[in-house]
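A.B. asks: Take a look and give me a structure for this.
(chains A, B, C and D)
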2 protein chains.
Amino acid sequence: MASSASADAFAQVAGPHDHDRCLDAALDRAEQVCGARGARLTPIRRRVLELVWSDHKPVGAYDLLGRLSEEGWGSAPPMVYRALTFLESHGLVHRLASINAFVGCSQGGESHSAQFLICHDCGIAVELHDHRLAHDLKAAADAAGFQLEAPVVEIAGRCRACAAASVPESP
Amino acid sequence: MASSASADAFAQVAGPHDHDRCLDAALDRAEQVCGARGARLTPIRRRVLELVWSDHKPVGAYDLLGRLSEEGWGSAPPMVYRALTFLESHGLVHRLASINAFVGCSQGGESHSAQFLICHDCGIAVELHDHRLAHDLKAAADAAGFQLEAPVVEIAGRCRACAAASVPESP
DNA sequence: GGGGCTTATGTTACGGTGTAACAGACCGTT
DNA sequence: AACGGTCTGTTACACCGTAACATAAGCCCC
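C.D. replies: Residues are numbered from 1 along each chain as shown, chains lettered A, B, ... in the order given. So this is what the prediction gives:
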């Protein structure tokens, strides 16, 4: 069927869009967050954030490191890991444990929990903030007498566009 | 408060219990599953399964490898990874992506999805099969036009026993 | 029981991911 | 200018995982 243009969470970032706006918004949030709490968004931290936001595909630390070194920064791992740790601690990027990669946080600000949809085909990851899911995670933990601290929810699968592309027209 | 003895998911495995029963049950399930589908539970695969089930704490591949080599098996990583891949493909162990470790599957049989509670204090991990949670994950994916294939749900935190131990009596 | 196929194991070598530890540079304060 | 904190640069290493190839073990068929 030719689905109507109901904008799903993936389509908003997977399709063609003005990505400069994503990037600018992310940098604005970073400025605000850091300014508000006296954290220093130094050149290297800012640059790492820009690189993470170069698209919506999670990027590995060593990929980032490669790009940084091309640009004249050092090439030692701790550099990029420190920047990523800083950004993550301020809720500006997320680490996706299931694929060992980092993605820009679409909310910014306080460190918060989120859920991720990760398409193994196009590589794009989308961040969700599903209250029902968050609530049920908490409820499941409570039921086990468990203090939830850091829930990891990463859903691997295939996004609509990739599913459509893999089945040319109709079977 | 002195909580009553309502057995929560963690208490069942974190407290003192007849762990030989856990181990025996796991091995029985493995025999059944492998027998039913013509898979060979070879000595090394069986031994890896036993080691994973030596307690309820997820174990790293290299820890397993160390123990195997002490027992006269080889000491090359592919050995243990192959056994783990086999066991995981038959739903006998799970890999916890957030901590790069493996834990015995408490259900066995078909490869299935589950959720995990991982206490960062005592190291114990417990497997849940929360239908509501599974349903929510599916619903969240559907809402985004996303085909869910491999959801990863790993909840880090602190179990009741460790929380109680860290606060001696009452504040 | 030998030939040939499939599966499993043993081994080498390497790539990817992440961190400890220390030295030096930068920055604001006094 | 001296100081103390933060940030950066660097070395070295630990841990996690896999590709590729050689050998051995099980299986089936004749």
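
A.B. asks: Quick check: closest non-adjacent residue to the residue positioned nearest the centre of chain A.
C.D. replies: Centroid check for chain A by Cα atoms, centre = their mean gives A:V103 as the closest residue, at 2.9 Å. Nearest residue to A:V103, sequence neighbours excluded (Cβ to Cβ, 6 or more residues apart in numbering or on different chains): A:P58, at 4.2 Å. For the C-beta atoms, the positions are set from N, CA and C on the backbone; glycine is no exception.

A.B. asks: And the strands in chain A, which stretches?
C.D. replies: Using DSSP state E, the strands assigned to chain A run over residues A:93-96, A:101-104, A:115-119, A:125-128, A:147-159.

A.B. asks: Can I get those in CSV including mean pLDDT and distance to DNA strand C?
C.D. replies: What follows is those, written out as CSV (pLDDT from 0 to 100; distance: least, Cβ to the nearest atom of the strand, whole Å):
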stretch, mean pLDDT, distance to DNA strand C
strand A:93-96, 98, 7
strand A:101-104, 98, 7
strand A:115-119, 98, 14
strand A:125-128, 97, 14
strand A:147-159, 97, 12
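
A.B. asks: Turn the ones you listed into TSV, columns for distance to DNA strand D.
C.D. replies: Shown next, in TSV, are these (distance: least, Cβ to the nearest atom of the strand, whole Å):
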stretch	distance to DNA strand D
strand A:93-96	14
strand A:101-104	14
strand A:115-119	16
strand A:125-128	19
strand A:147-159	14
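
A.B. asks: Now the helix-or-strand element of chain A with minimal mean pLDDT: buried residues?
C.D. replies: Counting by mean pLDDT, DSSP states H and E, chain A has its least confident helix or strand at helix A:11-14, which shows a mean of 88. Buried residues in helix A:11-14, counting neighbours by 16 or more other Cβ atoms under 10 Å in any protein chain shown, are found at A:A11, A:V13, A:A14.

A.B. asks: contacting residues around the second one?
C.D. replies: Neighbouring residues of A:V13 by Cβ atoms under 8 Å, 6 or more residues apart in numbering or on different chains: A:C22, A:H56, A:I124, A:V126.

A.B. asks: looking at it, A:F102 is touching A:P58, isn't it?
C.D. replies: Yes - using Cβ atoms under 8 Å, A:F102 is in contact with A:P58, at 6.1 Å.

A.B. asks: Quickly list what's touching both of those two.
C.D. replies: Jointly contacting A:F102 and A:P58 under the rule Cβ under 8 Å, 6+ apart are A:L96.

A.B. asks: Wait, A:C122 touches A:C162, no?
C.D. replies: Yes - using Cβ under 8 Å, A:C122 is in contact with A:C162, at 5.2 Å.

A.B. asks: out of these two, which sits in the more crowded spot?
C.D. replies: For A:C122 versus A:C162, the count of surrounding residues by other Cβ atoms under 10 Å in any protein chain shown is larger for A:C162: 19 against 16.

A.B. asks: Could you check how far the more buried one is from B:C22?
C.D. replies: Using Cβ to Cβ, to the nearest Å, we find A:C162 at a distance of 41 Å from B:C22.

A.B. asks: likewise A:F146?
C.D. replies: For A:F146 relative to B:C22 (Cβ to Cβ), the value is 20 Å.

A.B. asks: The two: which has the busier surroundings?
C.D. replies: For A:F146 versus B:C22, the count of surrounding residues by other Cβ under 10 Å is larger for A:F146: 26 against 18.

A.B. asks: pretty sure that one is in contact with B:R158, am I right?
C.D. replies: Yes - applying Cβ under 8 Å as the test, A:F146 and B:R158 come out as touching, 7.2 Å apart.
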